[in-house]
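1. model this:
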Amino acid sequence: MRRFIVSGLLAAAAVVAPLSVGQAQLTFGGFAGVNFSDLDVTNLDPDQTINSRTGFMVGGWIGTHLSPLFTVRLEGYWTQKGADLVENGTTVGKFKLSYIEVPLLLRVNLPLVVVKPAIYAGPAVSFETQCDAEEVSSGITAACSDFGLSLKSTDFSGIIGAGVGVGDFSLSDLVDEPNATAEAKNQTWTVRAAFGI
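-> Residues are numbered from 1 along each chain as shown. Next up, the predicted model:
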């Protein structure tokens, strides 16, 4: 699977690079933002709920203009996700996840004069860099695996956005147990500020 992902990203870069050279319309830049994320978990007990967590993200992009209206952009960034587990109104557990995320986005640039908003969408692959869990009652924080949680290290998602708002919804189940009775998927809203040329 990793070989397939790397091959796909290299193919995307191979598409972006020649277009950029031919049209001399290469764009690049960076951004930083705040995430509001939670986990979509099935089969919770009736007295359990999931609350969102706030995290950060930082990264950059390289892209090319296909036309004045359309842009293709390959992004890469580090992002924090996760959620809190609540039982009977009390937070009992905290899940802290972080990923290196690589989206390939098609942007539609809206032709306004002063402000240049855009809408965009595309697939993304994420590689887990951290998975920690905290048991609030004891204050113990450890790797997810130490709590018996087995999560996949790779996540696939779809990204949609407009202006400075970005939505990220997971397309794959994070639980890495063959006989698991529950599923968990990342869901994230991001507000970010960008700079680029």
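2. next SSE after the helix or strand bottoming out on mean pLDDT in the chain?
-> Using mean pLDDT, DSSP states H and E, helix 2-23 stands out as the lowest-scoring helix or strand of the chain, at a mean of 46. Tracing the chain past helix 2-23, the next element assigned as helix or strand by DSSP states H and E is strand 26-41.
3. Hmm, Gly60 and Tyr77 touching each other?
-> Yes - between Tyr77 and Gly60 a contact is recorded at 7.1 Å, counting by C-beta atoms under 8 Å. The way it works is simple: take the backbone N, C-alpha and C, and place the C-beta from them, glycine included.
4. Settle it for me: which of these two has more neighbours?
-> It is Tyr77, of Tyr77 and Gly60, that has more neighbours when counted by other C-beta atoms under 10 Å, with 22 against 16.
5. hmm, back to that, okay, and the common contacts of Tyr77 and Gly60?
-> Common neighbours of Tyr77 and Gly60, using C-beta atoms under 8 Å, 6 or more residues apart in numbering, are Phe31.
6. How far off centre is stretch 36-48?
-> Per C-alpha atoms, centre = their mean, to the nearest Å, the displacement of stretch 36-48 from the mean C-alpha position of its chain is 19 Å.
7. So which bits of that stretch are buried?
-> Judged by neighbour count (16 or more other C-beta atoms under 10 Å), stretch 36-48 contains these buried residues: Ser37, Asp38, Leu39, Val41.
8. The longest strand along the chain pairs with which strands?
-> The strand spanning the most residues in the chain, taking DSSP state E as the definition, is strand 90-109. According to DSSP bridges, strand 90-109 has the following sheet partners: strand 70-87 (antiparallel), strand 118-135 (antiparallel).
9. got the CA coordinates for stretch 68-79 in PDB?
-> This file holds the C-alpha atoms of stretch 68-79, laid out as PDB (Å, rounded to 0.1, in the frame of the first residue of the first chain):
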ATOM      1  CA  PRO A  68      -7.000  31.500 -15.200                       C
ATOM      2  CA  LEU A  69      -9.900  29.600 -13.600                       C
ATOM      3  CA  PHE A  70      -8.300  26.300 -12.600                       C
ATOM      4  CA  THR A  71      -5.300  25.500 -10.400                       C
ATOM      5  CA  VAL A  72      -3.800  22.100  -9.400                       C
ATOM      6  CA  ARG A  73      -2.000  22.200  -6.000                       C
ATOM      7  CA  LEU A  74       0.000  19.500  -4.100                       C
ATOM      8  CA  GLU A  75       0.100  20.300  -0.400                       C
ATOM      9  CA  GLY A  76       2.000  18.800   2.500                       C
ATOM     10  CA  TYR A  77       1.500  19.600   6.200                       C
ATOM     11  CA  TRP A  78       1.700  18.400   9.800                       C
ATOM     12  CA  THR A  79      -1.700  18.400  11.500                       C
END
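10. For it, give me every contacting residue.
-> With C-beta under 8 Å, 6+ apart as the test, stretch 68-79 has contacts from 9, 12-13, 15-16, 19, 27, 31, 35, 55-66, 98-109, 111, 118, 120, 126, 129, 188, 190.
11. Just checking the distance from the helix or strand where Gly55 lies to the centre of its chain.
-> Following DSSP H and E, the helix or strand that holds Gly55 is strand 48-65. Counting by C-alpha atoms, centre = their mean, strand 48-65 is centred 5 Å from the centre of its parent chain.
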